[in-house]
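Q: I'd like to go over a predicted model; first the sequence, then the structure.
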Amino acid sequence: MRNAAKKLKVYIKNVWRSKNLIAFVFLMPWILGFLIFQAVPFITSLCYSFTNLSMLKEPVWVGLDNYKDIFNFNRDFKRSLKTTLVYVGISVPLKLAFALFIAMLLNMKVKGIGFFKTIFYLPSILGGSVGIAILWRFLFSRTGFMNLLLGRIGIGAVDWLGSPNLALPTVSLLSVWQFGSSMILFLAALKQVPQDLYEAATVDGASRPRMFVKITIPMITPIVLFNIVMQMINGFQEFSAPFLITNGGPLKATYLYSMMVYENAFSFLKMGYASALSWIMFLIIMVFTAAIFWFSKYWVFYQDGGDNE
């Protein structure tokens, strides 16, 4: 017994002195935060999705009934999912294209460029606020600033938020306006492109558009991939803008999937049903993300020569 206790004491002392344990101790705050605020709610919501949990009564296990009801009887499910896909398809490409355009302008050597970086990044800070969403609603109302400008050039007022065909693109513009984070990443990537590549292409007589397609785009494709994935995930989770600007209208033209989850959870108090909806969206995002990463091996290039397989 004494020998066993002595060996255990020596083992504990050696483990404590090891660098791995020191690193683990420093990582403990993050690990605890991840377990408490992410892993536990993640698993709990999965369990709740198989119950009829409500704020008014104790949960009862119902198995796959929530999922069957969503796919068979929920009329808003397909409509909101289609609207969300259209929203992502509009906002993500436009945001990334605009962010890349502004990043290329800021990549030029101009005096006071730091000031312009700050100005262009401000929408990403302010865009998610309630005040900006309300301002956006007044900006595109029938008597708003946009219609006043159109009236100055002889064009009649446009019902930007009242037309089912225009409401979703108008709301999507608010997301496009929040391009700051993608712009910063694109700008950092552009500064990492070796200048000797452009010099060699200039000597060979390549035009600027050709250099952009053959040099710039291939060199920044890892950042393009990262931005596509992150902005796509944010697009699927969008809630504030359509909720505050149009409240899902008109005729549910801006009724995104996240609004359906919110409505079932906090208006109808069907927490179990809302958890099932959330898990379906999680799986959809996972499928899209996996598809993007799989196709990335055909168009993403790394400077160190690494492949994507």
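A: Received, thanks.

Q: Longest helix in this structure, please.
A: Longest helix in the chain by number of residues (criterion: DSSP state H): helix 75-106.

Q: Just after it, pick out the following helix or strand.
A: Going down the chain from helix 75-106, the next helix or strand is helix 113-126, by DSSP states H and E.

Q: Let's see that next one as CSV, backbone CA atoms only.
A: This file holds the C-alpha atoms of helix 113-126, laid out as CSV (Å, rounded to 0.1, in the frame of the first residue of the first chain):
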residue,chain,number,x,y,z
ILE,A,113,-7.0,55.6,-45.6
GLY,A,114,-7.3,54.7,-41.9
PHE,A,115,-10.2,57.1,-41.6
PHE,A,116,-12.0,55.6,-44.6
LYS,A,117,-11.5,52.1,-43.1
THR,A,118,-13.3,53.2,-40.0
ILE,A,119,-16.1,54.8,-41.9
PHE,A,120,-16.8,51.8,-44.0
TYR,A,121,-16.7,49.5,-41.0
LEU,A,122,-19.3,51.5,-39.0
PRO,A,123,-22.3,49.8,-40.7
SER,A,124,-21.2,46.4,-39.3
ILE,A,125,-21.2,47.9,-35.8
LEU,A,126,-24.5,49.8,-36.2
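
Q: on contacts alone, who are the packing partners of that helix?
A: Helices and strands touching helix 113-126, by 3 or more C-beta pairs under 8 Å, 6 or more residues apart in numbering; DSSP states H and E, are helix 75-106, helix 180-191. Backbone N, C-alpha and C define where each C-beta goes, glycine included.

Q: what pLDDT, on average, does the helix or strand encompassing residue 242 get?
A: Following DSSP H and E, one finds residue 242 within helix 240-245. For helix 240-245, mean pLDDT rounds to 90.

Q: Wait, residue 252 touches residue 79, no?
A: Yes. With contact defined as C-beta atoms under 8 Å, residue 252 reaches residue 79; the gap is 6.4 Å.

Q: More neighbours: which of these two?
A: Neighbour count, other C-beta atoms under 10 Å: between residue 252 and residue 79, residue 252 has more, with 18 against 15.

Q: pLDDT score for that one?
A: For residue 252, pLDDT reads 91.

Q: Ok, residue 67 next?
A: Confidence at residue 67, expressed as pLDDT, is 95.

Q: tell me the contacts of it?
A: 49, 276, 280 (C-beta atoms under 8 Å, 6 or more residues apart in numbering).

Q: go again using 7 Å as the cut-off
A: Contacts for residue 67 (C-beta atoms under 7 Å, 6 or more residues apart in numbering) come out as residue 276.

Q: Look up how far residue 276 lies from it.
A: Distance check for residue 67 against residue 276: by C-beta to C-beta, to the nearest Å, it reads 6 Å.

Q: got it, and residue 260?
A: Counting by C-beta to C-beta, the gap from residue 260 to residue 276 is 11 Å.

Q: Now do the longest helix of the chain: which elements does it pack against?
A: helix 113-126, helix 167-177, helix 180-191, helix 221-236, helix 257-262 (3 or more C-beta pairs under 7 Å, 6 or more residues apart in numbering; DSSP states H and E).

Q: Report the buried residues of it.
A: Across helix 75-106, burial judged by 16 or more other C-beta atoms under 10 Å covers 76-77, 80-81, 83-88, 90-92, 94-96, 99-100, 102-103, 106.

Q: Give me the most central residue, this structure.
A: residue 234 (1.8 Å; C-alpha atoms, centre = their mean).

Q: what about that one, distance to residue 124?
A: For residue 234, the distance to residue 124 - C-beta to C-beta - is 11 Å.

Q: Also residue 217?
A: Applying C-beta to C-beta to residue 217 and residue 124 gives a distance of 23 Å.
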